[in-house]
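**Q** Output the structure for:
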Amino acid sequence: RRGGMSGGSGSEPPAEAEQHELCTSLVSKAMSGCKRLQQLRQALEALGVDVPIECIRCPEPEPGQTATAGGYMTANGSVVLCQEWVAHQPAEVPNTLAHELIHAYDDSRAHLDWFNLTHHACTEIRAAQLSGDCTFGRELDRSNINPIRIAKAGERCVRRRAQLSVAMNPACTSALAAADAVQRAWNICSKDFAPFEKVP
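**A** Predicted coordinates for the structure are as follows:
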């Protein structure tokens, strides 16, 4: 699952029907216009997998929590996007779809045990690294780039985001357990760029 910042434009969010239409339109535009998403879709098709993508209404976040962007639904192999989040963060749709489709790809090729924290860490490492979540520009926008710690900023981002995701796994007992899982998976999974030849 991915979280995102709620708010953004300062304007009132569109009504629910308009949110759904906007979300559906942005998904279609991203899937047809983003090379990374086209490669992921082709790789999934080569595995004989069709991943439905659906825009849904999501619950309001708890006070102090960020809104959920969407997620990969392991029970049925689909991807959902929260249309309220999309209305506030339309530019994030391609990266969010890439993140969730990497989970779908990993699940399809490796039949992940989602309660095995090392399995979960592996796909979160790959999703953070290959989706565009941790580019230099995006980390700069998040104010996570320290001028005296520029080296390995991408790696720190991937580790941080993977650990946060693993920590939300019901089988994870602590932040330390999440960090340990990411460390166990790191050497292999950070070098696995499939279905790409390198980090896009």
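**Q** What segments of this structure are helices?
**A** Ranges of helices in the chain, per DSSP state H, are 16-33, 35-46, 83-88, 93-110, 117-130, 136-141, 153-167, 175-189.
**Q** The ones you listed: lowest mean pLDDT?
**A** Mean pLDDT is lowest for helix 136-141 among the helices of the chain, at a mean of 54.
**Q** counting residues per strand, which one in the chain is longest?
**A** Determined from DSSP state E, the single longest strand within the chain is strand 67-73.
**Q** relative to helix 153-167, how tilted is that one?
**A** If you take axes from the mean of the first three to the mean of the last three CA atoms, to 10 degrees, strand 67-73 sits at 70 degrees to helix 153-167.
**Q** Now do strand 67-73 and helix 117-130, the angle between them.
**A** In terms of direction (the same axes, to 10 degrees), strand 67-73 departs from helix 117-130 by 120 degrees.
**Q** Can you add mean neighbour count and distance to residue 195 and give the helices of the chain back as TSV?
**A** Where you see a C-beta, it was placed from the backbone N, CA and C, and this is true even at glycine. Rendered in TSV, the data for those read as follows (neighbours: other CB atoms under 10 Å; distance: least, CB to CB, whole Å):
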stretch	mean neighbour count	distance to residue 195
helix 16-33	16	16
helix 35-46	16	4
helix 83-88	24	25
helix 93-110	23	7
helix 117-130	25	9
helix 136-141	13	22
helix 153-167	21	18
helix 175-189	17	14
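**Q** Which one, of those, ends up nearest to residue 70?
**A** The closest of these to residue 70 is helix 93-110. By CB to CB, the value is 6.0 Å.
**Q** Does anything pack onto that closest one? Which helices or strands?
**A** strand 2-4, helix 16-33, helix 35-46, strand 67-73, strand 78-82, helix 117-130 (3 or more CB pairs under 8 Å, 6 or more residues apart in numbering; DSSP states H and E).
**Q** hmm, back to that, got JSON lines for the helices of the chain, with distance to residue 71 too?
**A** Below are the helices of the chain laid out as JSON lines (distance: least, CB to CB, whole Å):
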{"stretch": "helix 16-33", "distance to residue 71": "14"}
{"stretch": "helix 35-46", "distance to residue 71": "16"}
{"stretch": "helix 83-88", "distance to residue 71": "11"}
{"stretch": "helix 93-110", "distance to residue 71": "6"}
{"stretch": "helix 117-130", "distance to residue 71": "11"}
{"stretch": "helix 136-141", "distance to residue 71": "20"}
{"stretch": "helix 153-167", "distance to residue 71": "10"}
{"stretch": "helix 175-189", "distance to residue 71": "17"}
